[in-house]
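Chemist: What follows is a predicted structure for the sequence shown.
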Amino acid sequence: MITNVWDTWKKGFWAWEQATTQFATQVLQNPSVIGPAGAMLSAVLRTKAATDRALEHTWSAFGLSTRRDQERTLHLLNQLQSRIFDLEEQLLATKGS
């Protein structure tokens, strides 16, 4: 009984998935859908870029570090750590000689 219900559900789902795939493919290949969708995506991305710039200026105005500042600082810290490790290795090598 349970197997029969499961098989029926799987067949129904498969039919729904096939129909949905065909419909979505037709809709998404339609130039009248692609053009406005692309324009909307471009507008959203421009808005996000403008928002990010505004937030960065706001953080800077309050004297707080921006993401770029933090990334630069982290990069410098990593460079310093690498140099310290190199110096420690050189020190150990000279002590061992």
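Modeler: Good, I have the coordinates. Numbers count the residues shown, from 1 in each chain.

Chemist: just for the protein, where's the confidence low?
Modeler: 1-2, 97 (pLDDT under 70).

Chemist: for this protein, what spans make up the helices?
Modeler: 2-28, 31-61, 67-96 (DSSP state H).

Chemist: Show me how far stretch 8-25 is from its chain's centre.
Modeler: 30 Å (C-alpha atoms, centre = their mean, to the nearest Å).

Chemist: same thing with stretch 75-87?
Modeler: For stretch 75-87 - counting by C-alpha atoms, centre = their mean - the centre lies 28 Å from the chain centre.

Chemist: now do stretch 80-97
Modeler: 38 Å.

Chemist: Spatially nearest residue to Ser60 (excluding sequence neighbours)?
Modeler: Thr66 (6.0 Å; C-beta to C-beta, 6 or more residues apart in numbering). Using the backbone N, CA and C atoms, a C-beta is placed for each residue, glycine as well.

Chemist: Give me the neighbour count for Trp59.
Modeler: 14 (other C-beta atoms under 10 Å).

Chemist: ok, it to Asp52 distance?
Modeler: 11 Å (C-beta to C-beta, to the nearest Å).

Chemist: phi, psi of Gly63?
Modeler: phi 80, psi 20 (degrees, to the nearest 10).

Chemist: now it: how far from Asp69?
Modeler: Distance, Gly63 to Asp69, by C-beta to C-beta: 11 Å.

Chemist: Neighbour count: those two, which is higher?
Modeler: Asp69 (13 against 6).

Chemist: how near is that one to Lys10?
Modeler: 55 Å.

Chemist: what do you get for Asn4?
Modeler: 11 Å.

Chemist: hey, what's in contact with both of these two?
Modeler: Overlap between the contact sets of Asn4 and Lys10, as judged by C-beta atoms under 8 Å, 6 or more residues apart in numbering, is nil.

Chemist: circling back: now list whatever residues contact both of Trp59 and Asp52.
Modeler: With C-beta under 8 Å, 6+ apart, Trp59 and Asp52 have no common neighbours.
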